[in-house]
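# What follows is a protein structure lacking sequence information:
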């Protein structure tokens, strides 16, 4: 088995996936908050 040296692993794919996840969650939270505000304004 190859020896692992600290800090040598390529993590570009993981960083792109994490950035996409954070972007998706941020937009989803904003959408849900806007939806809740609109529901509060028009339903109540």
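Good, I have the coordinates. Note that the structure is predicted; figures quoted are calculated from it, not measured. Residues are numbered from 1 along each chain as shown.

# Okay, now the unreliable bits of the protein?
Applying pLDDT under 70 to the chain flags the ranges 1.

# Centre-most residue in it?
The centre of the chain sits closest to residue 22, judged by Cα atoms, centre = their mean, with a distance of 1.7 Å.

# quick one: it from residue 16, how far?
Distance of residue 22 to residue 16, computed by Cβ to Cβ, to the nearest Å: 11 Å. Using the backbone N, CA and C atoms, a C-beta is placed for each residue, glycine as well.

# Could you do residue 40 as well?
37 Å.

# for the chain, what spans make up the helices?
Along the chain, the segments classed as helices by DSSP state H run 12-43.

# What's the end-to-end length of stretch 7-17?
19 Å (Cα to Cα, to the nearest Å).

# Pull the distance from that stretch to the chain's centre.
16 Å (Cα atoms, centre = their mean, to the nearest Å).

# Contacts made by it with the rest, please.
Residues from elsewhere that reach stretch 7-17 (Cβ atoms under 8 Å, 6 or more residues apart in numbering): none.

# Residue 18: how many residues sit nearby?
By other Cβ atoms under 10 Å, the residues close to residue 18 number 11.

# and it, what does it touch?
By Cβ under 8 Å, 6+ apart, residue 18 has no neighbours at all.

# Enumerate the positions of stretch 9-23 that are buried.
For stretch 9-23, burial by neighbour count (16 or more other Cβ atoms under 10 Å) applies to no residue.

# please begin residue numbering at 712 from this point
Let's use 712 as the start, then, which means that last one is stretch 720-734.

# Can you tell me how far residue 732 is from residue 745?
The gap separating residue 732 from residue 745 is 21 Å, by Cβ to Cβ.

# swap in residue 727?
In terms of Cβ to Cβ, residue 727 sits 27 Å off from residue 745.
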